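*Asks:* Fold the following, please.
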Amino acid sequence: MSSADHHVTRRTFIGTGAASAAALSALALPAASYAKVIGANERIRIGLIGAGVIGKEHIKSINALKEKDNVEGAIVADCWLTRAKQGAEALKAPKSTGDYRQVLDMKEVDYVVVAVPEHWHGKMTCDAMDAGKPVYCEKPMTHTIPEAQQVMKKQKETGLPLQVGVQAMSDDSYSSAAKAIEQGALGRVVQAQIEYVRHYHKNIGPWRIQGITDSTPKPDDLDWKAWLGHAPEIDWNPHHYHEWRNYRAYSGGIATDLFIHRITRIMKACNLLYPRRVVGMGGIWQWPDGRDLPDNFEMICEYPRGMTVYVLGTMSNDVPLKHQIRGTDATLQFTPGGWEIWTGRGKDEPGAKLKDKHEKTGGEDMTLHHHNFHNHLRKGEPLNCPIELGMAGVVAVNMANESWRTGTMMAWDKANEKMVPANTLPEQNHFPEAKA
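*Replies:* Residues are numbered from 1 along each chain as shown. Predicted structure coming up:
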């Protein structure tokens with residue numbers, strides 16, 4: 001078969017929408033088998049949905065990999081048409097559109113990047129898989145837990161790859177930490193802590209943009225209703241559009257935009273999935289400017305293995321705390337270069353001893369994350385942030401937000417696969433036996 005013949009055959013297979021999805025499901029293709037469909041030497045063509053701030057970062061990464069990974073942009077979609085055209089020009093993609101469904105209809109597109117506000121992640125990812133397209137979806141994987149479950153179901157039905165955009169998973173510090181912990185380097189793990197702190201100007205809070213006012217006009221070629229999607233229908237609101245991370249209809253704020261980066265690291269290192277119980281605390285304390293999500297936030301997650309994870313998210317003060325995992329025998333501390341394991345009270349304390357260390361490869365890097373996805377599609381390389389990890393992160397941060405919203409400790413009801421107030425679970429489900 002000639003290269004051209006293979007090109008047509010493979011694109012015909014990938015572009016047959018639901019039929020190809022059913023075929024993949026029936027074949028139950030593992031990663032290595034799917035890689036054979038893509039072809040090791042064939043150019044991968046990418047469709048980008050969303051050309052805003054994060055979309056522009058994806059454009060930079062794709063451009064950086066064009067020669068190394070033999071990839072190119074095929075089309076850019078954005079409901080603000082001017083921005084779609086600008087994105088296509090930057091990506092050197094031949095087409096732009098205001099309707100993301102046109103990306104899914106293109107047989108030439110080999111995978112789709114979803115880089116839009118959170119409330120669209122689940123719908124677009126499922127639609128892409130229905131069209132037979134693998135997906136790189138920005139974090140969080142979805143806006144809500146039910147949407148994440150829908151994506152999980154769709155991915156299992158289609159067998160199509162999904163890379164979740166928690167780019168720190170392309171830093172091997174966390175997978176290597178998991179191996180060390182599994183081998184007993186810390187003894188019994190009991191607690192972890194991590195943060196994502198910032199210091200915003202006292203007059204401009206988190207995710208507010210200088211110059212955006214109540215009277216900022218809607219661009220003539222922006223489809224406002226399309227941007228809202230299934231969110232509550234409202235008249236044009238420049239703050240909701242430009243500063244959407246401040247509003248529950250489109251985002252989970254600090255928890256889903258920032259904590260997802262941090263909690264996923266600890267989940268990877270400690271082999272965690274769904275928390276048993278979660279508390280979220282914080283408030284709109286410094287910037288009561290119309291936002292309905294906290295401007296300072298923190299959460300504590302308790303996991304069935306018998307450990308807690310604390311995540312700090314002050315936006316008023318950026319003094320950090322150590323990223324570390326505590327065990328009965330030692331403490332693992334993450335460093336800019338990887339990690340170190342110390343016995344005693346830690347690196348800076350008298351009598352502390354360095355037990356082990358790791359110099360990382362990779363990093364929190366979108367370009368590396370795309371490169372991993374390309375290698376997965378061609379060679380079956382394991383995904384750095386697969387759907388299971390994306391799903392677990394969505395559960396944890398949504399439970400934290402719901403706890404804050406309701407003033408109630410939330411628990412994960414394993415039997416019914418949903419979050420519930422912790423005091424509604426039977427005792428045996430509430431306190432399952434921890435494992436070492």
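
*Asks:* Which helix or strand contains Gly184?
*Replies:* According to DSSP states H and E, Gly184 maps onto no helix or strand at all.

*Asks:* In space, what's closest to it - neighbours in sequence excluded?
*Replies:* Take Gly184 and drop its neighbours on the chain: the residue closest to it by C-beta to C-beta, 6 or more residues apart in numbering is Asp329, 8.0 Å away. C-beta coordinates here come from the backbone N, C-alpha and C atoms, glycine included.

*Asks:* Test my guess that that neighbour contacts Gln183.
*Replies:* No: here Asp329 lies out of contact with Gln183, judged by C-beta atoms under 8 Å, at a distance of 12.0 Å.

*Asks:* which one of the two has more residues nearby?
*Replies:* Asp329 (13 against 9; other C-beta atoms under 10 Å).

*Asks:* so how far is Thr343 from the more buried one?
*Replies:* 7 Å (C-beta to C-beta, to the nearest Å).

*Asks:* counting contacts, what elements does the host helix or strand of Leu354 pack onto?
*Replies:* For Leu354, the element it lies in under DSSP H and E is strand 353-359. Counting contacts by 3 or more C-beta pairs under 8 Å, 6 or more residues apart in numbering; DSSP states H and E, strand 353-359 is packed against helix 173-182, strand 338-343.

*Asks:* List the contacts of the host helix or strand of Glu72.
*Replies:* Applying DSSP H and E as the criterion places Glu72 in strand 71-77. Around strand 71-77, the neighbours that count as contacts under C-beta atoms under 8 Å, 6 or more residues apart in numbering are 43-51, 55, 59, 62, 65-66, 84-85, 87-88, 91-100, 102-103, 106, 108-109, 374.

*Asks:* Which of these fall in strands?
*Replies:* Among the contacts of strand 71-77, the ones falling in strands (DSSP state E) are Ile44, Arg45, Ile46, Gly47, Leu48, Ile49, Lys95, Ser96, Thr97.

*Asks:* ok, the second one - contacts?
*Replies:* It stands for Arg45. Contacts for Arg45 (C-beta under 8 Å, 6+ apart) come out as Val71, Glu72, Gly73, Ala74, Glu108, Val109, Asp110.

*Asks:* Could you single out the nearest of the residues you listed to Ile325?
*Replies:* Proximity of the contacts of Arg45 to Ile325 (C-beta to C-beta) peaks at Val71, which lies at 36.3 Å.

*Asks:* Count the neighbours of the closest one for me.
*Replies:* 23.

*Asks:* ditto for the one 10 residues further on
*Replies:* Applying the criterion other C-beta under 10 Å, we find 18 residues in the vicinity of Leu81.

*Asks:* contacting residues around it?
*Replies:* Counted by C-beta under 8 Å, 6+ apart, Leu81 has contacts Ser96, Gly98, Asp221, Leu222, Asp223.

*Asks:* For ChimeraX, what selects the buried ones among the residues you listed?
*Replies:* Here is the ChimeraX command that selects the buried residues among those (16 or more other C-beta atoms under 10 Å):
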select :96,98,222
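
*Asks:* TSV please, covering the contacts of Leu81 and showing pLDDT and distance to Thr144.
*Replies:* Below are these laid out as TSV (pLDDT from 0 to 100; distance: C-beta to C-beta, whole Å):
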residue	pLDDT	distance to Thr144
Ser96	98	30
Gly98	98	26
Asp221	98	30
Leu222	98	25
Asp223	98	23
